[in-house]
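Colleague: any chance you can model this:
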Amino acid sequence: MAWVALAFGADRAHAGNRGYADELASHYDYDSLVQNSKQVRSGDIILVADKTALYGIARIGRIDQRAGTKELSRCPTCGTTGFKARKRISPRFRCRYRHQFDDAVVDRVECTKYRAFFSQFVPARAVVSLAELRMARTDEGLQMAIAPVDLAALRRMMIRRLPEAVGLLS
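Modeller: The predicted structure follows:
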């Protein structure tokens with residue numbers, strides 16, 4: 001199985017969670033609140049992408065898990081985590097339901113924390129855009145942090161753009 005995994009770090013537009021402590025050349029962190037989190041397995045291929053392009057391709061060697069909590073920031077009016085920070089307009093935040101506020105409510109929820117360690121990693125040098133990766137996905141959820149990708153389509157793309165990764169995709 002192959003997955004596209006988004007890693008935006010501090011540069012993410014969504015303000016509802018605080019992100020993860022990824023070291024993108026060695027591991028990828030996620031939790032059980034992320035859709036598809038329970039389907040990712042050792043031996044799977046993971047394509048790590050930032051906001052604009054592919055960062056690297058890896059094979060997952062092992063996945064560690066532990067009980068933990070996650071801080072979710074919520075709109076104080078409706079409780080959604082779907083809101084974005086604004087740079088020039090006050091109040092600072094606006095949620096998907098158009099509520100505006102300066103301070104989010106912080107909620108701690110229990111979850112399982114996962115860390116997928118890479119056994120192999122090939123840096124991609126931004127040879128594939130995020131838009132192109134989305135076209136290779138096999139699902140419709142454009143906002144998912146972990147989404148399945150068509151491995152055959154990916155192989156065809158990498159033969160031309162990142163030939164050193166083709167062996168990893170076999």
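Colleague: all contacts plus neighbour counts: C-alpha atoms, from now on.
Modeller: Will do.
Colleague: need phi/psi at residue 165.
Modeller: Reported as degrees, to the nearest 10, the phi and psi values for residue 165 are phi -90, psi -10.
Colleague: can you count the residues close to the closest residue to residue 127 other than its chain neighbours?
Modeller: Residue nearest to residue 127 in three dimensions, not counting chain neighbours: residue 161, with 6.1 Å by CA to CA, 6 or more residues apart in numbering. Around residue 161 sit 16 other residues, with neighbours defined as other CA atoms under 10 Å.
Colleague: give me phi/psi at residue 161?
Modeller: Backbone geometry at residue 161, expressed as degrees, to the nearest 10, gives phi -100, psi -30.
Colleague: what are the buried residues along the lengthiest strand in the chain?
Modeller: Looking across the chain with DSSP state E, the single longest strand is strand 54-74. When burial is assessed from 16 or more other CA atoms under 10 Å, strand 54-74 yields the following buried residues: 54-63, 70, 72-74.
Colleague: helices or strands up against it?
Modeller: Using 3 or more CA pairs under 8 Å, 6 or more residues apart in numbering; DSSP states H and E as the contact criterion, the elements in contact with strand 54-74 are strand 45-49, strand 105-123.
Colleague: alpha carbons of the helix or strand bottoming out on mean pLDDT in the chain, as CSV, please.
Modeller: Lowest mean confidence among the helices and strands of the chain (mean pLDDT, DSSP states H and E): helix 130-136, at a mean of 84. What follows is helix 130-136 as a C-alpha-only set of coordinates in CSV (Å, rounded to 0.1, in the frame of the first residue of the first chain):
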residue,chain,number,x,y,z
LEU,A,130,1.2,18.6,-4.3
ALA,A,131,-1.4,19.1,-7.0
GLU,A,132,0.1,16.2,-9.0
LEU,A,133,0.2,14.0,-5.9
ARG,A,134,-3.5,14.7,-5.3
MET,A,135,-4.2,13.5,-8.8
ALA,A,136,-2.6,10.1,-8.0
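Colleague: which parts of the very next helix or strand once past that helix are buried?
Modeller: Downstream of helix 130-136, the first helix or strand assigned by DSSP states H and E is strand 146-148. Of the residues in strand 146-148, those scored as buried under the neighbour-count criterion (16+ other CA under 10 Å) are 146, 147, 148.
Colleague: now do stretch 125-138
Modeller: When burial is assessed from 16+ other CA under 10 Å, stretch 125-138 yields the following buried residues: 126, 127, 128, 130, 133, 134, 136, 137.
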